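**Student:** Sequence first, predicted coordinates after that:
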Amino acid sequence: MTDLSKHFHLYKRGKLTLIGFDARHLDDPTIAADCLDRLLELVDSHQCEVLVVDLMDVKVVSSWILGVLAAVKRHGIDVELYHPTAELRDVLATTHLDNLLHIRHDKQTDETS
């Protein structure tokens with residue numbers, strides 16, 4: 001498997017795969033295609049059914065990341081976003097991506113964002 005660490009952190013792989021993005025690279029749209037390729041390689045090689053994306057430490061998400069996650073969903077993988085900020089939830093609602101990507105959050109996330 002290729003190096004994934006330059007795009008995201010891999011915490012668990014399998015039918016349920018858990019990743020987190022590295023905020024250092026979230027503002028670089030030139031890595032979008034490579035990031036998508038790495039994610040699709042990951043989910044395909046581990047028969048992933050659900051991709052959980054932990055956004056706990058991510059304050060701002062570039063549109064290219066949302067495009068990558070939508071492409072993973074169109075690939076047939078359920079995508080769940082954990083701990084999105086209130087601002088990100090607003091963006092997802094405005095763009096109707098909240099109909100495509102499952103959003104999970106709790107009151108603690110609301111209080112800290």
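**Tutor:** Looks like it arrived, so ask away.

**Student:** all contacts plus neighbour counts: C-alpha atoms, from now on.
**Tutor:** Fine.

**Student:** quick one: contacts for Val52?
**Tutor:** For Val52, the contacting residues are 16-19, 79-82, by CA atoms under 8 Å, 6 or more residues apart in numbering.

**Student:** do Ala70 as well
**Tutor:** Ala70 neighbours (CA under 8 Å, 6+ apart): 97, 100-101.

**Student:** can you tell me the distance between the two ends of stretch 17-30?
**Tutor:** 24 Å (CA to CA, to the nearest Å).

**Student:** So for it, mean pLDDT?
**Tutor:** For stretch 17-30, mean pLDDT is 78.

**Student:** Kindly report the same for stretch 40-55.
**Tutor:** Mean predicted confidence for stretch 40-55 is 94.

**Student:** What would it look like as CSV? C-alpha coordinates only.
**Tutor:** Output of stretch 40-55 as CSV, limited to C-alpha atoms (Å, rounded to 0.1, in the frame of the first residue of the first chain):
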residue,chain,number,x,y,z
LEU,A,40,-10.3,4.6,-3.0
GLU,A,41,-7.2,2.3,-2.8
LEU,A,42,-7.7,2.0,0.9
VAL,A,43,-11.4,1.3,0.9
ASP,A,44,-11.1,-1.2,-2.0
SER,A,45,-8.2,-3.1,-0.5
HIS,A,46,-10.0,-3.6,2.8
GLN,A,47,-13.6,-4.1,1.6
CYS,A,48,-14.6,-1.0,3.4
GLU,A,49,-18.4,-0.3,3.7
VAL,A,50,-18.3,2.7,6.0
LEU,A,51,-15.6,5.5,6.0
VAL,A,52,-15.6,7.4,9.2
VAL,A,53,-13.9,10.8,8.9
ASP,A,54,-13.0,12.4,12.3
LEU,A,55,-12.9,16.1,12.0
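
**Student:** Tabulate the contacts of Val52 in CSV, adding columns for distance to Leu39, secondary structure and neighbour count.
**Tutor:** Converted to CSV, the contacts of Val52 look like this (distance: CA to CA, whole Å; DSSP: H, G, I helix; E, B strand; the rest coil; neighbours: other CA atoms under 10 Å):
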residue, distance to Leu39, secondary structure, neighbour count
Leu16, 13, strand, 17
Thr17, 10, strand, 20
Leu18, 11, strand, 18
Ile19, 10, strand, 17
Val79, 12, strand, 23
Glu80, 14, strand, 19
Leu81, 15, strand, 20
Tyr82, 17, strand, 18
